[in-house]
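Trainee: Sequence and predicted structure are below.
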Amino acid sequence: MDQFFDFIINNKEILYFIILAVFVGIEVIGGVPSVLHTPLMSGANAIHGVVVVGAIIVMLDSDPENILGLGLGFLAVILGTLNVVGGFVVTDRMLEMFKKK
């Protein structure tokens, strides 16, 4: 538990930056009109594949004894993959609306 608190104390600037990025992201996404929301989000979710590749690279370079790092990397791979698949599903459903019946 002391390692956790030491990590927070040593990296508080990074944690502040992540929290600020979350709030800025919420404000930016909230300002997008609903007509543009689906195409923009489906494209952004497809680009999320970079996160999957990055998480795999980080997991490969991680120490096998670092359970927290491996667990977070695994979680990043799973969530990133779900986001990529969801982006393609949304894009496919959106394109289905424009096909002639």
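Mentor: Now that the structure is in, tell me what you want to look at. All of these numbers come straight from a predicted model, not from anything done at the bench.
Trainee: Enumerate every residue touching the residue nearest the centre of the chain.
Mentor: Here the mean C-alpha position of the chain is nearest to the C-alpha of residue 80 (CA atoms, centre = their mean), at a distance of 5.7 Å. For residue 80, the contact set (CB atoms under 8 Å, 6 or more residues apart in numbering) comprises 48, 49, 51, 52, 55. Placement of C-beta: from N, CA and C, glycine included.
Trainee: Let's see that with 6 Å instead.
Mentor: Applying CB atoms under 6 Å, 6 or more residues apart in numbering to residue 80 gives the contacts 48, 51, 52.
Trainee: so where's the protein shaky on pLDDT?
Mentor: Across the chain, the ranges flagged by pLDDT under 70 are 34-35, 37-39, 41-43, 46.
Trainee: Could you chop it up by domain?
Mentor: With domains defined by automatic domain parsing, the chain comprises 1-31, 35-96.
Trainee: which of these is buried the deepest?
Mentor: domain 35-96 (a mean of 14; mean count of other CB atoms under 10 Å).
Trainee: How far does that domain sit from its chain's centre?
Mentor: Mean-position distance between domain 35-96 and its chain equals 6 Å (CA atoms, centre = their mean, to the nearest Å).
Trainee: just how off-centre is stretch 21-39 within its chain?
Mentor: 15 Å.
Trainee: Residues touching that stretch, excluding its own?
Mentor: By CB under 6 Å, 6+ apart, stretch 21-39 touches residue 94.
Trainee: could you redo the last one with a cut-off of 7 Å?
Mentor: Contacts with stretch 21-39, where a contact means CB atoms under 7 Å, 6 or more residues apart in numbering, come from 40, 90, 94.
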